[in-house]
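Asks: Give me a 3D structure for the following:
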Amino acid sequence: TIADARILSDDTRVTVTGVVVLPPGLFARTAYIQDDTAGVKLYLRSGEYGALAAGDRVQVTGWTRTYRGEPEVSVPDPGYFTRLDPAAAPMPAFLRTGAAGLDDTGRLVLVSGKVLRYERQALVVDDGSGPLRIYFPETLGWRRPYVFLGDTWAAQGVLVGSPFDETPGGSVELVPRLPT
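Replies: Next up is the predicted model:
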């Protein structure tokens with residue numbers, strides 16, 4: 001399972017099967033898949049992913065790694081991917097904003113909270129349990145919504161390790177999948 005792969009030591013060869021929850025193209029060589037147990041980041045070291053879309057079920061072989069506290073499967077090239085069949089997209093799990101952590105990366109989640117702060121490419125929301133950054137990378141194809149401080153917003157997306165956090169162990173942020 002993906003949960004089993006996430007806890008193995010680095011450089012362990014694994015084969016995992018999951019549904020694409022964040023397709024490639026948003027973060028250079030990265031995609032995310034999820035099964036019933038957990039989600040995980042895939043990092044393609046060379047080549048192109050091809051036409052992988054959210055909802056595709058894939059089997060991937062690679063080596064376990066940890067980057068800024070986030071588990072990943074490092075895949076040498078597209079030959080280590082097998083596209084199986086389309087699957088039903090997983091339902092997002094509701095998550096409290098303050099409960100989001102590195103153990104949740106790669107999972108499709110739904111959060112809701114009041115806007116504490118906004119940035120050019122992000123919102124910070126809090127449901128009373130702690131803040132969570134919602135990041136809108138330029139590669140999404142749409143901009144972050146116009147908001148007012150104190151507004152309540154909900155977002156569905158995939159939790160990813162924050163590339164902007166330099167704290168030991170890292171932190172997470174949510175990347176929305178759809179503009180709605």
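
Asks: Off-centre distance for stretch 107-120?
Replies: The chain centroid and the centroid of stretch 107-120 are separated by 14 Å, computed with CA atoms, centre = their mean, to the nearest Å.

Asks: ok, the top strand by length along the chain: who's next to it in the sheet?
Replies: The longest strand of the chain (DSSP state E) is strand 13-27. Strand 13-27 has the following strand partners under DSSP bridges: strand 30-34 (antiparallel), strand 56-67 (antiparallel).

Asks: The helix or strand following the first one versus strand 56-67: what angle between them?
Replies: Per DSSP states H and E, the first helix or strand lying C-terminal to strand 30-34 is strand 39-44. Taking axes from the mean of the first three to the mean of the last three CA atoms, to 10 degrees, strand 39-44 and strand 56-67 form an angle of 80 degrees between their directions.

Asks: chain center to strand 39-44: distance?
Replies: Distance of strand 39-44 from its chain centroid, counting by CA atoms, centre = their mean, is 8 Å.

Asks: Mind checking the pLDDT average for the host helix or strand of E72?
Replies: Using DSSP H and E, E72 falls within strand 70-75. Summarised as a single mean, pLDDT over strand 70-75 is 94.

Asks: Dump it to CSV, restricted to CA.
Replies: Included here for strand 70-75 are C-alpha records, laid out as CSV according to Å, rounded to 0.1, in the frame of the first residue of the first chain:
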residue,chain,number,x,y,z
GLU,A,70,7.6,14.8,2.6
PRO,A,71,7.8,11.1,1.5
GLU,A,72,8.0,10.5,-2.3
VAL,A,73,8.6,7.8,-4.8
SER,A,74,11.4,8.7,-7.1
VAL,A,75,10.8,7.2,-10.6
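
Asks: helices and strands around it, which ones?
Replies: helix 2-6, strand 39-44, strand 56-67 (3 or more CB pairs under 8 Å, 6 or more residues apart in numbering; DSSP states H and E). The C-beta positions use only the backbone N, C-alpha and C, and glycine is treated the same way.

Asks: just the ones you listed: most buried one?
Replies: Per residue and on average, the most neighbours among these fall to strand 39-44, with a mean of 24 (mean count of other CB atoms under 10 Å).

Asks: what lines up beside that one in the sheet?
Replies: According to DSSP bridges, strand 39-44 has these partners: strand 30-34 (antiparallel), strand 70-75 (parallel).
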